[in-house]
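Undergrad: Return a 3D structure for these sequence lines:
(one chain, ligands or ions: 1)
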Amino acid sequence: MSSDRLKKAREYERVFGEEISWEERPLFHVTPTVGWLNDPNGFSLYKGEIHLFYQYHPYGTQWGSMHWGHLKSRDFIRWERLPAALAPEREYDRNGCFSGSAVELPDGRHLLMYTGVSGEREGRARQTQCIALGDGLNYQSFSGNPVLTGENLPEGGSAEDFRDPKIWWDEEEKRFFAVAVNRTSDTSGAVLLFGSRDGMRWEYLATVDRCRNEYGKMWECPDMFELDGMELLLVSPMEMQAKGLEFHSGNEVIGLMGRYEKETYSFRREKVVPVDLGLDFYAPQTLLMPDGRRIMIAWMQSWESSRFCPEGAKWFGMLTIPRELRIIDGRLIQNPVRELEAYRIHPVIYREQKISGASESGKREGRIRFPGIEGRILDMTVRIRLEKGCRRFTVYFAEDARYYTALTYWPGENILHLDRTWSGLRYNIVNQRKLRVREKNGELKLRFILDRFSAEIFVNDGEQALSACLYTPGKARGISFEADGCAVIDIEKYEIRDFSAAGNM
Ligand code: FRU
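TA: So this is what the prediction gives:
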C-alpha cells in the first residue's frame, strides 16, 4: 500500500519523467527519473538483479525533501527505471529518507536500511536508522522503527549527525553488520560498527575509526569491506583542507586502508588514499558480486558544485560508471565494469602516431586530429610515449571552435592537469585539478569514458581516476592532441552502442 507522499511522487515522476527525451540524458550513466539526485543508495543484488536507489527530490533540480529513487539492471550499463521506493512520510523520517543501503534477506525480502530524519526539536533534527522491507518494487516500513537511535551511540556521539548505514551479511559469523557515521565530541566524524542477527534488532559493537579533525570534519557515507587481503574503509569527509596534490578542499572521498580483526572489531589504519582525483565525485557505495568483484558507484558531483544546475535542465545529478575495485601493490585500482566492453562498437585504431609542434597554448592550429576520433559517447584509450625534451602533451575533448576540456601532462613535474574552464560552464566553481602520475615503461596510458555530460578518465589501468561533469553543448564533439616537443601515441576508440531507443533508462 503506497502512502500519499509516495503515491504523489510516483505519479509526478511518471508524468514528468516521460517528458525528458533520450538525448537530454547520458546514455549509460544513471540520472534521476526527474528532478534532483545525490548519493547512490541500496546498491545490492536482489533475486539475481542489480538494484540501485538514489537520494531523490523529484520536484526540483535542487536538494529537497529526500525520497529514494529506484532502478535495476542486469549488467550495470542498461538500467530500468522503477517507481520511487521511499518517501518521507512517517514521524521518524518526515524530514527526509537519507542515505542507506540494502540486502536480500534469507526469507526473500529486500531490506532497505536508511537514515530517517525526524522533525526538529529545539531546532535540532534527529537522525535515526530505519528499515523498510519489500519485494523489489514496493516497500513497507518496519513496525519496530527506528532500529538505531541516539540511545545506541557511544558517549559523546551526536544524535543529530548519525547517518548513512551500510549493511552487509557476514556468512562466517552468520550475522548482519552495518557501519554508520556519527559526529563525536571533538566535533569531527567517526565510523561506528553495529551488529544484528536478523537485520532488525541492532546493537552497537565498536568505533572502527575516527577522524580526530584530521581528515575534514564530519564524515559521511561509510562503506567497509575486505579487498585483496586488506580492509578498505571508504568515507566522504566534509570540510577537508587541501593537502599537497593528494587531497583537495571541501567534500572529498578517502580510502582508509588497513587491517581488521574480526574478533575484536578493531581496525588498524595503515594508509589513507584519495579515491577520485577529478572534480565531481562523492558518497560512493559498493556491491560485492557473486563472482567476487567489488563494484563501486558514486555521485558524480560534489556539494560545492551542485548548486549550479544548467539552465532549463529537467534533471540534475548523475552517478559514475560502476567501477571494479582492486588493491594491487598497496594501491587502490579502479576500472569501469567490464560489462561496458560488450557495448563497444566501431573501433577506430591508430598506432605509432607522431604528435609534434604545438603552437602557442590555447590556439587550435597546433592540435592534431584523426579521422574517426571524435564524439561525446565513447570509450577511448590513448597511450602516450614522450620523446626526449617534450615539455607538454595535451588531449582536448568535447571540443569545437568555442569550447574544450583539456587534459595536459607535464612530464617535468609528473603532473596531469584536468581543466574544464572553457567547457561552457557559466559559474566560477572549481574547474581544474592537478595530480601526480607516473609513467610505466616509458608510457602514460589514459582511458576516457565520455557520456554526453561527463568525462571519467582512468590513468594507467585504473591507478588513478578523475571524474568531471561537462556542461558543454553536445555539438562540441572534437578530440585533438598537441605536444610541445614530440610524442608518439596509440589510440583505440570505440563508440558505445546506442540502446536508448530500445526502451529503458
Ligand atoms: C551525503 C549526504 C548524506 C545524507 C544525504 C542526504 O551526500 O549528505 O550524509 O544521508 O547526503 O541527502
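Undergrad: near the ligand, which residues of the protein?
TA: Counting by CB under 6 Å from any ligand atom, the chain comes close to the ligand at 38-39, 55, 66, 98-99, 115, 163-164, 220-221, 282-283. Glycine gets a C-beta too; all of them are placed from N, C-alpha and C.
Undergrad: Farthest-apart pair in these, please.
TA: T115 and Y282 (16.4 Å; CB to CB).
Undergrad: and the residue nearest to the spatial centre of the chain, helix, strand or coil?
TA: Most central in the chain under CA atoms, centre = their mean is A298, positioned 1.3 Å from the mean C-alpha point. At A298 the chain is in strand, as set by DSSP: H, G, I helix; E, B strand; the rest coil.
Undergrad: where does whichever residue of the stretch 301-450 of the chain sits closest to the ligand land in three-state SS?
TA: In the stretch 301-450 of the chain, the residue that lies nearest the ligand is W303 (6.6 Å; CB to the nearest ligand atom). At W303, secondary structure determined by three-state DSSP is coil.
Undergrad: what's the nearest residue to it if we skip its chain neighbours?
TA: N251 (4.8 Å; CB to CB, 6 or more residues apart in numbering).
Undergrad: can you pull the contacts of that neighbour?
TA: The contact partners of N251, taken as CB atoms under 8 Å, 6 or more residues apart in numbering, are S236, P237, M238, M240, Y282, S302, W303, E304.
Undergrad: likewise L418?
TA: G278, L279, T405, A406, L407, Q432, R433, K434, I457, L466, A468.
Undergrad: same deal with M218?
TA: Taking CB under 8 Å, 6+ apart, one finds D161, V181, R183, S188, G189, C211, P237, M238, E239 in contact with M218.
Undergrad: So that I can see them in PyMOL, could you write out a selection of the buried residues among the residues you listed?
TA: Command for PyMOL, covering only those of those found buried under the criterion 16 or more other CB atoms under 10 Å:
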select buried, resi 161+181+183+188+189+211+237+238
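Undergrad: Spatially, what comes nearest to L444 if we skip its sequence neighbours?
TA: I384 (4.7 Å).
Undergrad: what does F142 give?
TA: I131 (4.0 Å).
Undergrad: Can you give me the distance of that neighbour to the ligand?
TA: 16 Å (CB to the nearest ligand atom, to the nearest Å).
Undergrad: same check, this time on Y260
TA: In terms of CB to the nearest ligand atom, Y260 sits 23 Å off from the ligand.
Undergrad: Give the next helix or strand downstream of the helix or strand containing that residue.
TA: Element membership for Y260 (DSSP states H and E) is strand 254-261. Of the helices and strands lying after strand 254-261 in sequence (DSSP H and E), the nearest is strand 266-274.
Undergrad: Can you give the distance of that following strand from its chain's centre?
TA: Relative to its chain's centre, strand 266-274 lies at 21 Å (CA atoms, centre = their mean, to the nearest Å).
Undergrad: Does it pack against any helices or strands, and if so which?
TA: Judged by 3 or more CB pairs under 8 Å, 6 or more residues apart in numbering; DSSP states H and E, strand 266-274 is in contact with strand 203-210, strand 230-237, strand 254-261.
Undergrad: So which elements touch the worst-scoring helix or strand of the chain on mean pLDDT?
TA: None of the helices or strands of the chain scores lower by mean pLDDT, DSSP states H and E than strand 110-121, at a mean of 90. Under the contact criterion of 3+ CB pairs under 8 Å, 6+ apart, strand 110-121 touches strand 35-46, strand 79-86, strand 97-104, strand 124-134, strand 162-170.
Undergrad: Take those and write them to TSV, including mean neighbour count and distance to H29.
TA: Output for the helices and strands packed on strand 110-121, formatted as TSV (neighbours: other CB atoms under 10 Å; distance: least, CB to CB, whole Å):
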stretch	mean neighbour count	distance to H29
strand 35-46	25	11
strand 79-86	22	9
strand 97-104	26	19
strand 124-134	22	26
strand 162-170	22	22
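Undergrad: and those as CSV, adding mean pLDDT and distance to P274?
TA: What follows is the helices and strands packed on strand 110-121, written out as CSV (pLDDT from 0 to 100; distance: least, CB to CB, whole Å):
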stretch, mean pLDDT, distance to P274
strand 35-46, 98, 19
strand 79-86, 98, 28
strand 97-104, 98, 21
strand 124-134, 94, 27
strand 162-170, 98, 20
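Undergrad: Let me know which of the ones you listed is the nearest to P371.
TA: strand 79-86 (33.1 Å).
Undergrad: Contacts only, for F267.
TA: Applying CB under 8 Å, 6+ apart to F267 gives the contacts V208, D209, E231, L233, L256, G258, R259, Y260, E261.
Undergrad: wait, V337
TA: D75, F76, I77, I295, I321, P322, R323, E324.
Undergrad: got it, and R385?
TA: R385 is in contact with G442, E443, A487, V488, I489, counting by CB under 8 Å, 6+ apart.
Undergrad: cool, R331 as well?
TA: Shown in contact with R331 (CB under 8 Å, 6+ apart): V273, E463.
Undergrad: Repeat the analysis, applying 6 Å as the threshold.
TA: Contact analysis of R331 by CB atoms under 6 Å, 6 or more residues apart in numbering lists E463.
Undergrad: Show the pLDDT at it.
TA: pLDDT for R331: 97.
Undergrad: coming back round to it: how much space separates the residue nearest to W303 from R369?
TA: Distance, N251 to R369, using CB to CB, to the nearest Å: 37 Å.
Undergrad: Check G462 too.
TA: Taking CB to CB, one finds G462 at 27 Å from R369.
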